[in-house]
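> Sharing a sequence plus its predicted fold:
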Amino acid sequence: MTVHRKTLILAAMLLGTAPSVAQAETACLTRPEAQAMFTYALPQVISGTAKRCEQVLPSDSYLRTHGSELAARYASQKGRSWPEAKAAFLKLSQGRSSDVAKFARNLPDESLRPLVDITVEGLVSQHLPLKSCDRIDLAVDLLAPLPPENTAGLIALIVEMTAKAKDVAPADVADKAKIAGLTLCKD
């Protein structure tokens, strides 16, 4: 399995974590907005994945031995990415439900951040296919040395590149790249 494929698995895992924001049809994110959202959400994705996969991964797997350490290291950068990540989450929520978007927009950050965190981690820990755990564990192990911004940037870039491939984004979506319900705007 190539590093590209492993990163795609991690990107798909991240994109699949928040269907309420990822299914927005009218909004799109720029690569920097997606990167900020991924940077913010990665600690919860890692924690949720570690919880979900604990039952099937061997005791010496990366997620079981270093998952909480990696999530904590990545969480140290969340504050810096929150303003842009918040804007991205709110932008995507508008396409899902105007009532939800209005509610979220009116929440103070100290209430909205934990809500986003719990939602992302909970969705991953409940819905991640167990058969993907070994590949995701390997992908996380390979990406772990990178700073969170680089990991998130790589995920956003691969999502963009993959979505623009002929078989994912038809020619009539020339100005947008769409994959797993997330639409990336043309920069």
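Now that the structure is in, tell me what you want to look at.

> Would you indicate which residues of stretch 40-56 are buried?
40-53 (16 or more other CB atoms under 10 Å). Backbone N, C-alpha and C define where each C-beta goes, glycine included.

> same check, this time on stretch 29-39
In stretch 29-39, counting by 16+ other CB under 10 Å, buried: L29, T30, R31, E33, A34, Q35, A36, M37, F38, T39.

> Helix or strand: which one has the nearest residue in space to the fourth one that is not next to it in sequence?
When you say that, I think you mean E33. Sequence neighbours aside, A88 is the residue nearest to E33 in space, at 4.3 Å (criterion: CB to CB, 6 or more residues apart in numbering). Element membership of A88, judged by DSSP states H and E, is helix 78-96.

> I'd like to know which elements that helix is packed against.
Here helix 78-96 touches helix 19-22, helix 31-53, helix 98-106, helix 109-127, helix 148-163, going by 3 or more CB pairs under 8 Å, 6 or more residues apart in numbering; DSSP states H and E.

> Just the CA atoms of it, as PDB, please.
Coordinates of the C-alpha atoms in helix 78-96 are reproduced here as PDB (Å, rounded to 0.1, in the frame of the first residue of the first chain):
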ATOM      1  CA  LYS A  78      -5.900  23.400  18.100                       C
ATOM      2  CA  GLY A  79      -6.100  26.900  19.500                       C
ATOM      3  CA  ARG A  80      -4.200  28.400  16.600                       C
ATOM      4  CA  SER A  81      -6.400  26.700  14.000                       C
ATOM      5  CA  TRP A  82      -9.700  27.300  15.800                       C
ATOM      6  CA  PRO A  83     -10.700  30.700  14.200                       C
ATOM      7  CA  GLU A  84     -10.400  29.400  10.600                       C
ATOM      8  CA  ALA A  85     -11.600  25.900  11.500                       C
ATOM      9  CA  LYS A  86     -14.700  27.400  13.200                       C
ATOM     10  CA  ALA A  87     -15.400  29.500  10.100                       C
ATOM     11  CA  ALA A  88     -15.100  26.300   8.000                       C
ATOM     12  CA  PHE A  89     -17.400  24.300  10.200                       C
ATOM     13  CA  LEU A  90     -20.000  27.100  10.200                       C
ATOM     14  CA  LYS A  91     -19.700  27.600   6.400                       C
ATOM     15  CA  LEU A  92     -20.400  23.900   5.900                       C
ATOM     16  CA  SER A  93     -23.200  23.800   8.400                       C
ATOM     17  CA  GLN A  94     -25.100  26.400   6.400                       C
ATOM     18  CA  GLY A  95     -25.600  24.000   3.600                       C
ATOM     19  CA  ARG A  96     -26.900  21.300   6.000                       C
END
